[in-house]
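Novice: Build the 3D model from these lines:
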Amino acid sequence: MTSPSTRAAGAVERWILDELVPGGSEEQLRAQLEALEALARDFESRRDRLAAAVSAPAVLAWVREYEALVATASRVQAYGSLRFAADTREPAALAAHNRIQQRLVELHNRTLFFSLWWQGLLDEVAEPVLAELLSAGAPDVVHYLEELRRVRPYRLDETSERLINQKDADGISAVLTLYSMVTSGFEFAPPDANPGDSRKVSRDGLMAHAHSPQPAVREAAFRELYRVYQEHAAVLAQMYIHRVRDWHNENVRLRGYKSPIAVRNVANDIPDAAVEILLEVVREGAPVFRRYFEKKARWLGMERLRRYDIYAPLEGADQQVDLGAGLELVFETFDEFHPTMGRLARQVVQHRHLDSELRPGKKGGAFCATVNPTLVPWVLVNYAGKNRDVATLAHELGHAVHSQLAGGHSVLTQQPSLPLAETASVFGEMLVTQRLLASGPSRAVQRELLASAIDDIFATVLRQAYFVRFEVEAHRAIVDGASPEDLDRLYRANLDEQFGSSVLVGEEFDREWLLIPHIYSAPFYCYAYSFGQLLVLALYQRFREQGEAFKPGYLKLLAYGGAARPQEVLAEAGVDIEDAEFWRGGLAFVARLLEQLEACDR
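Specialist: As a prediction, this is how the structure comes out:
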């Protein structure tokens, strides 16, 4: 096989999906769906035997059979979603995606009876089974079954659960697909276009100009971004309003969650109190970032930073880094920390599971898709050749390393809780930045690296936490009948608190909430980024203090995947997520970075 560096250098990568559906043929897809149907039919055919199955061996057999069904379904589901992400404009991709989703909803409904049965058992019946399974050496099965019982207060009867699943397939899930289709299809005029130039770029291609050293180019990029979104604002706002109402009606009214954000907290297995403490400590830390923006304005020769300028480079950031060089930098950095990390990151490219090309119709942003423990994850980025794109590679390949380290677990327990899911990705970014700083760059380049690191921490910590603060208010307001204009006002108040007087924010940013995919697709997801970044800053401090002694424990933390509760995993690492001082320690690291940056001017 060609080495990653040779094949990637100077080239644009597109992923292949042959490990999911060989050749992507309709015949192969149909065969996999038929195999999945056979597994589901066999599983549900023995439903009437459940009443006599309350023994550890019988429950273990049921879980193993369900595990095989989920592993098979994960391949088909990934094929549909990854093919659609690669080209949201392709009619055949959309048709396959919708058909697969519909079939999986039907299969899920037909196999739902097992988890509902298990959740309905009395504690005095279930607990001896769990104890026996644990002593028999099936910890993944025990954790999976315990997780089912943890969320049982929010489960409905089987008929209601099936109706909701069916409704969602043609209801809110369809709305989210439309949001992705509409926004991925947006085309923008690049800021460097000449009069009469018909060139168009994707959102990611446009926003690469947000890091331009030229103020006029940065402003033009943002103005073009909002011009296009404003043309569709009414439709996008209605999509969001319906998303929020659906979330509230199902989860708060029907299921009994105490608040909209509690739905995410329960799913993440993070106490409400810990999330509240995290968001409040980040709010306390806003002055550190305001101080940074005030200084950055002076370094850029501006009286006051504009919102267009917050990601402006200080010096040297406009250089191009081709994909091959970017990948090698990430691989070598991961190797330096631990050879296992470098080896697992290379697997993504070696298996041709990377899609980095900027092209019309491709889903924007970046993600890593874990399918199941037997497959190397797929990674999507929109690589424009900037330093920040290298950081994004490190981030997403960090996710891929995390997934593979947790690959020794069941498909039912491989995926970590969302807040822990950001650990390896953000740590990977930190390693790349620190490697570049340690390479002895000039003072100007060192200053740019530090500024870029603070920019990224702002985007990951403060910005994401304020997204969640907006969501909390927006969900409450929408249930009370708020209009899109009311949401604009809420978002403006959010921006005013976030930036204070340090940044001049134009009125077009009042509608920035329309541009945030996560608040549509996964409400309250974004605090996971703040959680993960501050957690990593604390872990990185320990790494600097402990050196090689830190690494085994860190890799063990990642290897847990989702096979243990987050608080238990972190407690083993000496972290108390309900301790405000722990989170303040992460923000103190940001303050030290700012001090290093200020020292570059002396």
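Novice: Find the residue ranges of the stretch 201-350 of the chain scoring beneath the pLDDT cut-off.
Specialist: 316-319 (pLDDT under 70).
Novice: in it, which spans are helices?
Specialist: Secondary structure of the stretch 201-350 of the chain, counting by DSSP state H, counting those that start in this stretch: helices at 203-207, 215-231, 233-247, 260-268, 272-284, 286-299, 323-337, 339-350.
Novice: Out of these, which is closest to Thr177?
Specialist: helix 233-247 (10.7 Å; C-beta to C-beta). C-beta: built from backbone N, CA, C; applies to glycine.
Novice: packing partners for that closest one?
Specialist: helix 172-184, helix 260-268, helix 463-479, helix 484-499, helix 517-521 (3 or more C-beta pairs under 8 Å, 6 or more residues apart in numbering; DSSP states H and E).
Novice: The longest one packs against which elements?
Specialist: In this case it means helix 463-479. Against helix 463-479 (3+ C-beta pairs under 8 Å, 6+ apart) you get helix 233-247, helix 260-268, helix 272-284, helix 484-499, helix 517-521, helix 527-546.
Novice: that older thread, so can I have JSON lines of the helices of the stretch 201-350 of the chain showing distance to Ala126 and mean neighbour count?
Specialist: Formatted as JSON lines, those follow (distance: least, C-beta to C-beta, whole Å; neighbours: other C-beta atoms under 10 Å):
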{"stretch": "helix 203-207", "distance to Ala126": "48", "mean neighbour count": "21"}
{"stretch": "helix 215-231", "distance to Ala126": "50", "mean neighbour count": "17"}
{"stretch": "helix 233-247", "distance to Ala126": "30", "mean neighbour count": "17"}
{"stretch": "helix 260-268", "distance to Ala126": "19", "mean neighbour count": "20"}
{"stretch": "helix 272-284", "distance to Ala126": "26", "mean neighbour count": "18"}
{"stretch": "helix 286-299", "distance to Ala126": "46", "mean neighbour count": "18"}
{"stretch": "helix 323-337", "distance to Ala126": "42", "mean neighbour count": "20"}
{"stretch": "helix 339-350", "distance to Ala126": "37", "mean neighbour count": "20"}
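Novice: and Phe582, which of those is closest to it?
Specialist: helix 272-284 (8.9 Å).
Novice: Can you check which of the helices of the stretch 201-350 of the chain gets nearest to Tyr529?
Specialist: helix 272-284 (10.7 Å).
Novice: now that closest one, how far from the chain's geometric center?
Specialist: 20 Å (C-alpha atoms, centre = their mean, to the nearest Å).
Novice: which strands and helices sit next to it?
Specialist: helix 260-268, helix 463-479, helix 527-546, helix 580-599.
Novice: Now do the last one and helix 272-284, the angle between them.
Specialist: Looking back up the chat, that one is helix 580-599. On the basis of axes from the mean of the first three to the mean of the last three C-alpha atoms, to 10 degrees, helix 580-599 is oriented at 20 degrees to helix 272-284.
Novice: thinking again about what came up before, among the helices and strands packed on helix 463-479, which is nearest Gln446?
Specialist: Once the helices and strands packed on helix 463-479 are compared by C-beta to C-beta, helix 527-546 is nearest, at 17.4 Å.
Novice: can you give me the offset of the closest one from its chain's centre?
Specialist: 17 Å.
Novice: Tell me the buried residues in that helix?
Specialist: 527-543 (16 or more other C-beta atoms under 10 Å).
Novice: any idea of the mean pLDDT for it?
Specialist: Across helix 527-546, pLDDT averages out at 91.
Novice: now do stretch 94-105
Specialist: 92.
Novice: got the helices and strands packed on helix 233-247 as CSV, with distance to Gly585 columns?
Specialist: Output for the helices and strands packed on helix 233-247, formatted as CSV (distance: least, C-beta to C-beta, whole Å):
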stretch, distance to Gly585
helix 172-184, 37
helix 260-268, 21
helix 463-479, 16
helix 484-499, 22
helix 517-521, 26
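Novice: Out of those, which gets the lowest mean score?
Specialist: helix 172-184 (a mean of 92).
Novice: Give me the angle between that helix and helix 215-231.
Specialist: Using the same axes, to 10 degrees: helix 172-184 against helix 215-231 is 140 degrees.
Novice: now what about helix 172-184, what contacts it?
Specialist: Outside helix 172-184, the residues that touch it by C-beta atoms under 8 Å, 6 or more residues apart in numbering are 84, 88-89, 94, 97-98, 101, 202-203, 232, 235-236, 239, 242-243, 246, 361-364, 517, 520-521.
Novice: Can you give me every residue that contacts the residue nearest the centre of the chain?
Specialist: Centre of the chain computed as the mean C-alpha position; nearest residue by C-alpha atoms, centre = their mean is Phe367, 6.5 Å away. By C-beta under 8 Å, 6+ apart, the contact set of Phe367 is Ala85, Val379, Leu380, Glu396.
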